[in-house]
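*Asks:* Sequence isn't available, so here's the structure alone:
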């Protein structure tokens, strides 16, 4: 699935030392494809913060910016196609918890 692709790309970026790209990729993958990618995103974010590989402001800006940039198109497109306000991953999260 596309979630596995996002996880693979993020892992490769993290191993190459591109921490901001890894966090951004996982955030986009979490918002659009698979909310359970949060299980990889959260520990990676804590690790990057604990090791001070990125400043906290950069981590927050990356997460908020990537999340908003991913959420807006999926909200618009899916709401248009389903003819009601819809975020598919949000509905799956609500249904499964």
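*Replies:* Received the coordinates, thanks. All figures in this text were calculated on a predicted structure; none of them were measured in a lab. Numbers count the residues shown, from 1 in each chain.
*Asks:* how close does the residue nearest the centre of the chain sit to residue 61?
*Replies:* Against the mean C-alpha coordinate of the chain, by C-alpha atoms, centre = their mean, the closest residue is residue 27 at 1.4 Å. Applying C-beta to C-beta, to the nearest Å, the value for residue 27 to residue 61 is 11 Å. All C-beta spots, glycine's among them, are computed from the backbone N, C-alpha and C.
*Asks:* returning to what we had before: residues touching the residue nearest to the centre of the chain, list them.
*Replies:* Taking C-beta atoms under 8 Å, 6 or more residues apart in numbering as the criterion, residue 27 is in contact with 41, 62, 63, 66, 67, 70.
*Asks:* run the last query once more with 6 Å
*Replies:* Taking C-beta atoms under 6 Å, 6 or more residues apart in numbering as the criterion, residue 27 is in contact with 63, 66, 67.
*Asks:* and it, what helix or strand is that in?
*Replies:* Counting by DSSP states H and E, the secondary-structure element that holds residue 27 is helix 19-32.
*Asks:* With residue 4 instead?
*Replies:* Per DSSP H and E, residue 4 falls inside helix 2-15.
*Asks:* correct me, but residue 79 touches residue 85?
*Replies:* Yes - taking C-beta atoms under 6 Å as the contact criterion, residue 79 and residue 85 are neighbours in contact, 5.1 Å apart.
*Asks:* Which one of these two is surrounded by more residues?
*Replies:* For residue 79 and residue 85, the more surrounded residue by other C-beta atoms under 10 Å is residue 79, and the numbers stand at 13 against 9.
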